[in-house]
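Participant: need a structure here:
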Amino acid sequence: MRTALVTGSAGFIGYFTCKRLLEAGFRVIGVDAMTDYYDVSLKERRHAMLLQGPNFSAINARIEEPDMLKNLLRDEQIDVVVHLAAQAGVRYSIEDPKSYVQANLLGAYELLEAVRAHKPGHVLMASTSSVYGANTQMPYKETDKVDTQMSFYAATKKANEAMAHSYAHLYDIPTTMFRFFTVYGPWGRPDMAPIRFAKAIYADEPIDIYNHGKMKRDFTYVEDLVEGILRLIDAVPVRPASEDDIEEGDSLSAVAPFRQVNIGNAEPVPLMEFIAAMESAIGVEAKKNYMDIQPGDVPATWADTALLKRLTGYAPSTSVQTGAAKFVEWYKEHYNQG
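Facilitator: The predicted structure is shown next:
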């Protein structure tokens, strides 16, 4: 039985990742700090569900705590690391940038030091579509230049990519950074748009719609994202002998066993179409409050997922209509809506 270490295991994506790994026959060790960025009881519920099985164990700790991860990898035989722990949110990074330095930069440093000392077979680290920043040519390709981040959150994730590449090069650590696109679904964070929309609609209050609705997002259903992560586990990057050995369109580094991979639905959906899917699933038309675009936000995202398909044979495909219906079904049960 292979063992996976998942950081951020009580988070939205972390919960589904652990669940899918357990279903695939892994033993899973989850690490989460249970921070109060949002309702801790939601995180506790996620961990409680995972702990119902015999192959999941949980550690309550901050990843930036010196040597915590290094000692954990020393004491456990870890085959795969999936690093999801981070301070999330584009908008909150404007309010409290220091929390992103601690969790995203110092936390990534501690993880990299841990895997340097006790190498697992593969390290997979979460990045974000936000690293593409001000890029306007779409769909976004992993080989695009990404030097114009629009938020401090995105900047910390771009820094994580650079940090991980240097460790992969220096210490021969196989590393995959996966860039995910607008993930949504059941058990999501309360600050994410679907829960804010649903809460407002059920309360007969207006929903805030930024950039006057002129937004497009590559909405990715959470279970599709997690399936992509799971399949990437065995797509281990290998340092090439030369640049000539890298296939066109592959983001594999010429000097390290390292690559970035987009995981998205490969379909830019207008925000108003996503809202319509939510309205249809709830059965109520939302009141709408149109607003200007927020600082740090971008008007559109769109993933090129050809590399993911080439490496794994998989491409996410859940439509927003199907995904919104699944989300609303969960929301009604979890929040006791009729």
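Participant: so T182 makes contact with A300?
Facilitator: No: look at T182 against A300 with C-beta atoms under 8 Å: they stay out of range, at 10.6 Å. Yep, even glycine has a C-beta here, placed from its N, CA and C like the rest.
Participant: which one of those two is surrounded by more residues?
Facilitator: Neighbours per residue (other C-beta atoms under 10 Å) separate T182 from A300, with T182 holding more: 23 against 16.
Participant: now the more buried one. Nearest residue, chain neighbours left out?
Facilitator: With C-beta to C-beta, 6 or more residues apart in numbering as the criterion, T182 has its nearest non-adjacent residue at 4.3 Å, and that residue is R217.
Participant: could I get the contacting residues of the one you found?
Facilitator: Neighbour list for R217: 181-182, 268-269, 271, 274, 300-301 [criterion: C-beta atoms under 8 Å, 6 or more residues apart in numbering].
Participant: okay, and which of the residues you listed map to strands?
Facilitator: Judged by DSSP state E, the contacts of R217 include V269 as members of strands.
Participant: which one of the contacts of R217 sits closest to D204?
Facilitator: F274 (20.2 Å; C-beta to C-beta).
Participant: ok, now which ones touch S9?
Facilitator: Counting by C-beta under 8 Å, 6+ apart, S9 makes contact with 15, 17-18, 28, 30-32, 47, 50, 58, 84.
Participant: please enumerate the helices of the stretch 1-150 of the chain.
Facilitator: Listed in chain order, the helices of the stretch 1-150 of the chain (DSSP state H, counting those that start in this stretch) span 12-23, 40-50, 68-75, 92-95, 97-100, 107-117.
Participant: by contact count, what packs against the third one?
Facilitator: The helices and strands touching helix 68-75, judged by 3 or more C-beta pairs under 8 Å, 6 or more residues apart in numbering; DSSP states H and E, are strand 3-7, strand 27-32, helix 107-117.
Participant: next, the angle from the second one to helix 12-23.
Facilitator: With axes from the mean of the first three to the mean of the last three C-alpha atoms, to 10 degrees applied, the angle from strand 27-32 to helix 12-23 works out at 170 degrees.
Participant: still on that earlier bit, widest-spaced pair of the contacts of R217?
Facilitator: Spatial extent of the contacts of R217 (C-beta to C-beta) is set by the pair F181 and L271 at 13.8 Å.
Participant: so which helix or strand of this protein has the lowest pLDDT on average?
Facilitator: The weakest-scoring helix or strand in the chain, judged by mean pLDDT, DSSP states H and E, is helix 92-95 (a mean of 86).
Participant: check which residues of that helix are buried.
Facilitator: 92-93 (16 or more other C-beta atoms under 10 Å).
Participant: can I get that helix as CSV, trimmed to CA atoms?
Facilitator: This file holds the C-alpha atoms of helix 92-95, laid out as CSV (Å, rounded to 0.1, in the frame of the first residue of the first chain):
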residue,chain,number,x,y,z
TYR,A,92,-8.0,38.5,1.0
SER,A,93,-4.4,38.8,-0.2
ILE,A,94,-5.0,42.5,-0.5
GLU,A,95,-6.2,42.8,3.1
